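>>> The sequence isn't on hand, but the structure is:
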């Protein structure tokens, strides 16, 4: 069970980082 939680965490973090990068690009483009 703990192994699956780690995988979910890594996927969630990766998704968050992509969203942050997208936001930065949008803000810099303004």
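It's in. Bear in mind the structure is a predicted one, so any value in this text is a computation, not a measurement.
>>> Run through the protein and note the low-pLDDT ranges.
1 (pLDDT under 70).
>>> can you pull out the helices in it?
Taking DSSP state H as the test, the helices found in the chain are 2-29.
>>> any idea how far residue 15 is from residue 4?
17 Å (CB to CB, to the nearest Å). Where you see a C-beta, it was placed from the backbone N, CA and C, and this is true even at glycine.
>>> How about residues contacting stretch 11-23?
With contacts defined as CB atoms under 8 Å, 6 or more residues apart in numbering, stretch 11-23 is touched by no residue outside it.
>>> gap between that stretch and the chain center?
On the basis of CA atoms, centre = their mean, to the nearest Å, stretch 11-23 sits 2 Å off its chain's mean C-alpha point.
>>> What of stretch 13-27?
With CA atoms, centre = their mean as the basis, the mean position of stretch 13-27 lies at 7 Å from the chain mean.
>>> Over to stretch 8-26?
2 Å.
>>> do the same with stretch 2-9
The answer for stretch 2-9 is 15 Å, by CA atoms, centre = their mean.
>>> Counting neighbours, what do you get for residue 21?
10 (other CB atoms under 10 Å).
>>> likewise residue 27?
When neighbours are counted by other CB under 10 Å, residue 27 comes out with 8.
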